[in-house]
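Colleague: could you look at this predicted model? Sequence included:
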Amino acid sequence: MAVTRTFSIIKPDATRRNLTGAVTKMLEDAGLRVVASKRIHMTRDQAEGFYAVHKERPFYNDLCTFMTSGPVVVQVLEGEDSVKRNRDVMGATNPSDAAEGTIRKAYAESIEANSVHGSDSDENAAIEIAFFFEPAEIVG
Amino acid sequence: MQVDFYQLAGTPPEQVIASLADKLLATGGRMIVVADDEVFLARLNRILWDQGAASFVPHGLAGGADDARQPVLLTTSPDAPNLARNMLIADGVWRESALSYDRSFFLFDNATLEGAREAWKSLAAKEGIERRYWAQEGGKWVKKV
């Protein structure tokens, strides 16, 4: 299995609840390595650029408003089949469908803690990583 | 039309709503989510940006300029300006307007159990309505009826 990279965001609700470390530990326990990480407060321009694919959708403004409502932690994760691995550790939306060891299973009673974005493909991971990180900032 | 009764047993309704909306959107459908409590809807509005398979459940809070285009509209009204054919009742209070949709989801818990029982019985007397009842067993949703 090839070692690949994916992109993750720990969203405002999780940073507000001081869960950056807890979420990151679960990512690492799932076999992913954090090869780049920074805590930022997204600007409106950054949020609009990152979600530009949704620009014509009716929820675009609200989504950008939410993502700029507090600090986020953007990360590059590395590991075998990292996109799927990251999605797997995020877990199913419904905690009753989520497997043991997933973020959503662990925090089933605390839904704000499920506040993680994960790339949905290798192609989008590359685009998303390039949006927030310079190559020199990624240290494998 | 079909009405799915979901009896919550400790799982926050926001999570169940996110999951049901996620699955419905994957089929190309639209939905309205109805509750009388605007504070609850505001909380749900925020939480749905944190749920969903990859990142979020696309949605909007009713009253905006784009209500007619929202995939999932959170509202206190039983009307669907977004032309949804699916309605989710989030607060355990049955509404007959749910019957004007192709499919309705009715979430209730122990606090609203009596009302759900009455709704279940009243629907039995109506023609053209398929009732389903889902309960959580061992963390899984199981269709009981």
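Modeller: Alright, I've got the coordinates. Numbers count the residues shown, from 1 in each chain, chains lettered A, B, ... in the order given.
Colleague: got the residue ranges for the strands in chain A?
Modeller: Assigned by DSSP state E, the strands in chain A fall at A:3-10, A:33-40, A:72-80, A:116-118.
Colleague: hey, which of the ones you listed is tucked in deepest?
Modeller: Counting by mean count of other Cβ atoms under 10 Å in any protein chain shown, strand A:116-118 has the highest mean neighbour count of the strands of chain A, with a mean of 25. (C-beta placed from N, C-alpha, C; glycine too.)
Colleague: so does it get close to chain B?
Modeller: Yes. Where contact is defined by Cβ under 8 Å from any Cβ of the partner chain, part of strand A:116-118 touches chain B, namely A:117, A:118.
Colleague: and the contacts of that strand?
Modeller: Strand A:116-118 has contacts (Cβ atoms under 8 Å, 6 or more residues apart in numbering or on different chains) with A:6-11, A:14, A:23, A:83, A:86-87, A:90, A:103, B:54-56.
Colleague: where does pLDDT dip in chain A?
Modeller: Where chain A drops to pLDDT under 70, the residues are A:95-96, A:108-114.
Colleague: now the strands of chain A as JSON lines including distance to residue B:128?
Modeller: Shown next, in JSON lines, are the strands of chain A (distance: least, Cβ to Cβ, whole Å):
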{"stretch": "strand A:3-10", "distance to residue B:128": "46"}
{"stretch": "strand A:33-40", "distance to residue B:128": "54"}
{"stretch": "strand A:72-80", "distance to residue B:128": "48"}
{"stretch": "strand A:116-118", "distance to residue B:128": "42"}
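Colleague: extract the CA atoms of stretch A:94-110 and return them as CSV.
Modeller: C-alpha atoms of stretch A:94-110 as CSV (Å, rounded to 0.1, in the frame of the first residue of the first chain):
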residue,chain,number,x,y,z
ASN,A,94,-24.2,8.3,12.8
PRO,A,95,-22.2,7.1,15.9
SER,A,96,-24.3,3.9,15.9
ASP,A,97,-22.6,3.1,12.6
ALA,A,98,-19.2,4.3,13.7
ALA,A,99,-16.6,1.6,14.5
GLU,A,100,-14.7,1.4,17.8
GLY,A,101,-11.6,3.7,17.8
THR,A,102,-13.1,6.3,15.6
ILE,A,103,-13.5,9.9,16.6
ARG,A,104,-17.2,9.9,16.3
LYS,A,105,-17.5,6.7,18.3
ALA,A,106,-15.3,8.1,21.0
TYR,A,107,-17.2,11.3,21.3
ALA,A,108,-20.7,10.0,20.5
GLU,A,109,-22.2,11.9,23.4
SER,A,110,-20.4,15.0,22.6
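Colleague: how about residues contacting it?
Modeller: Stretch A:94-110 is contacted from outside by A:23, A:26, A:29-30, A:88-93, A:113-114, A:116, B:10-12, B:15-16, B:18-19, B:136, B:139-141, using Cβ under 8 Å, 6+ apart.
Colleague: circling back: among the strands of chain A, which is nearest residue A:125?
Modeller: Residue A:125 lies closest, by Cβ to Cβ, to one member of those: strand A:3-10, at 4.4 Å.
Colleague: what strands flank the closest one, and is each parallel or antiparallel?
Modeller: Paired strands of strand A:3-10, with direction, are strand A:72-80 (antiparallel), strand A:116-118 (antiparallel) (DSSP bridges).
Colleague: and the helices in the chain?
Modeller: As the question left the chain open, I've gone with chain A. A:12-16, A:20-29, A:44-50, A:60-67, A:82-90, A:103-106, A:122-132 (DSSP state H).
Colleague: wait, chain B was what I had in mind.
Modeller: B:13-26, B:38-47, B:113-124.
Colleague: most neighbours per residue, which of those?
Modeller: Among the helices of chain B, ranked by average contacts under mean count of other Cβ under 10 Å, first place goes to helix B:13-26 (a mean of 21).
Colleague: that one and chain A, are they touching?
Modeller: Yes. Judged by Cβ under 8 Å from any Cβ, helix B:13-26 and chain A are in contact via B:14, B:15, B:16, B:18, B:19, B:22.
Colleague: turn those residues into JSON lines, including distance to residue A:129 and pLDDT.
Modeller: JSON lines is the format used below for the residues of helix B:13-26 next to chain A (distance: Cβ to Cβ, whole Å; pLDDT from 0 to 100):
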{"residue": "B:14", "distance to residue A:129": "30", "pLDDT": "91"}
{"residue": "B:15", "distance to residue A:129": "29", "pLDDT": "87"}
{"residue": "B:16", "distance to residue A:129": "33", "pLDDT": "91"}
{"residue": "B:18", "distance to residue A:129": "26", "pLDDT": "92"}
{"residue": "B:19", "distance to residue A:129": "29", "pLDDT": "89"}
{"residue": "B:22", "distance to residue A:129": "25", "pLDDT": "91"}
